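> the amino acid sequence is not available; the structure is as follows:
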């Protein structure tokens, strides 16, 4: 049988058409940006200082996933808040789960507190964090849709001293970075006992002339009237200026708690301004709320926080008081630029080894250790060893350029032996002149080694 007549010729394949080249180069997604070298160095400078203080204050780190179940934030932050209603990046996975890209850390940390059984650990828990967060809002100076937050949380204690300590933590961090022209804005927004009465007073006040409120604030008046204080519309701000103040409606417990916080800030000589309109934009806050503003930039917060005594029980079946703060890393970077902070590309960590001999030498060494740490000198030691020889072996192993030897005689004389570990030469230096002498030696070593001193 002849099949040739049934065979059809294959059509010649057409040449692939090249995709039309766009004349418009691709750009970063709106509200995001590339971090280039100078900003990365400034961010690293912030991170190093933040971690240094977190370690000194006894905080351990935590990192939660960027993706959380949407309910973590909806229930934790409040369904009526602008963050939940307008700013979250939420979507459904292929499996149908409702998830959200982290808009803040605190709710996720409390979720982790439950899921990892952290309520069984010794309380309070002191946790620090650093990482990216995502909010859909209009990009503007210091505000992006992807940005970074640093922060700290203390869970499991309600004492007012912890509120003051977290203010101090953030304050000291900014000051040590060179951002000195700052003010703490602070308020108390009460608790479940006194806030309902204040809410009634607030609603009654705004209802007198509700037609002047913007559409968002008319909604807030029904759902969360304290949010009206955050509105930037001029008419709403003018009405808010004469609204009842939270501090006039505090119960006795909240009043005493707030007084203690302010007294501790006075003791720490941290200047603050009582801001009766400060409420923060998240529903979980109770009692103390605060922000830190650069002088001359009202409303441009470098960060803030407050107490959230009910969030733990909102997300689970246990109760634990808590307080925390967060800072906007990009905003801190911008402020460092504004004050012309130097961009340090080589982070030099001056290091010495501190050796001791005898009980008195060991006691004096503990004090010397702290004096050196305060001026930024990293101190290695092996206090558990008594032999100078064995201690200097550790110094060699750790590659410390200089060793300080504090024995009985030196402790009595107020001196210390400085040994150059490379040459083996040593000399006796008065304790009062030790730090300038070390700084001079490190400067000389740095000039000799150049960029090799970078860590």
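Received, thanks. Computed from a prediction, not measured in an experiment: that's the story for all the values here. Numbering: from 1, shown residues only.

> average pLDDT for the lengthiest helix in the chain, rounded please.
Counting residues, the longest helix found in the chain (DSSP state H) is helix 37-56. For helix 37-56, mean pLDDT rounds to 93.

> okay, now the domains of this structure?
Domain ranges of the chain: 37-194+250-338, 351-453, per automatic domain parsing.

> residue 386 touches residue 359, doesn't it?
No: assessed by C-beta atoms under 8 Å, residue 386 is found out of contact with residue 359, at 10.1 Å. Glycine gets a C-beta too; all of them are placed from N, C-alpha and C.

> still on that earlier bit, in its sheet, what does the helix or strand that comes right after the longest helix of the chain sit against?
Next helix or strand after helix 37-56 toward the C-terminus (DSSP states H and E): strand 60-61. Under the criterion DSSP bridges, strand 60-61 sits next to strand 125-134 (parallel) in its sheet.

> now do the buried residues in the partner strand.
Using 16 or more other C-beta atoms under 10 Å as the test for burial, strand 125-134 gives 125, 126, 127, 128, 129, 130, 133, 134.

> these two touch, right, residue 35 and residue 42?
No: applying C-beta under 8 Å as the test, residue 35 and residue 42 come out as separate, 9.6 Å apart.

> who has more neighbours, those two?
A count of neighbours by other C-beta atoms under 10 Å puts residue 42 above the other of residue 35 and residue 42, at 23 against 12.

> which of the domains of the chain sits most buried?
Mean neighbours per residue, mean count of other C-beta atoms under 10 Å, is largest over these for domain 37-194+250-338, with a mean of 18.

> now the terminal residues of that one, how far apart.
17 Å (C-alpha to C-alpha, to the nearest Å).

> any idea how far that domain is from the middle of the chain?
Relative to its parent chain, domain 37-194+250-338 has a centroid offset of 7 Å by C-alpha atoms, centre = their mean, to the nearest Å.

> and if you look at stretch 245-255?
Distance of stretch 245-255 from its chain centroid, counting by C-alpha atoms, centre = their mean, is 28 Å.

> just to revisit the earlier point, the longest helix of the chain - contacts with which helices or strands?
Packed against helix 37-56 by the contact rule (3 or more C-beta pairs under 8 Å, 6 or more residues apart in numbering; DSSP states H and E) you find strand 125-134, strand 146-155, helix 160-176, helix 329-338.

> quick one: contacts of stretch 351-363?
By C-beta atoms under 8 Å, 6 or more residues apart in numbering, the list of residues contacting stretch 351-363 from outside reads 364-365, 368-369, 372, 377-383, 386, 388, 391-392, 394-395, 398, 400-408, 410-412, 421, 438.

> average pLDDT for it?
The pLDDT scores in stretch 351-363 average 89.

> same check on stretch 201-220?
Stretch 201-220 comes out at a mean pLDDT of 91.

> same thing with stretch 176-191?
Across stretch 176-191, the average pLDDT comes to 96.

> mind checking the end-to-end distance for it?
Using C-alpha to C-alpha, one end of stretch 176-191 lies 34 Å from the other.

> what of stretch 55-74?
End to end - C-alpha to C-alpha - stretch 55-74 spans 32 Å.

> of all the helices and strands packed on helix 37-56, which lies closest to residue 285?
Closest to residue 285 of the helices and strands packed on helix 37-56 is helix 160-176 (C-beta to C-beta; 11.7 Å).

> what's in contact with the closest one?
Contacts of helix 160-176 (C-beta under 8 Å, 6+ apart): 49-50, 53-54, 57, 124, 152, 154, 182, 184, 186, 257-258, 260-261, 264-265, 268, 270, 287-288, 290, 292, 302-303, 305-307, 323-325, 327, 332.

> give the next helix or strand downstream of it.
strand 182-188.
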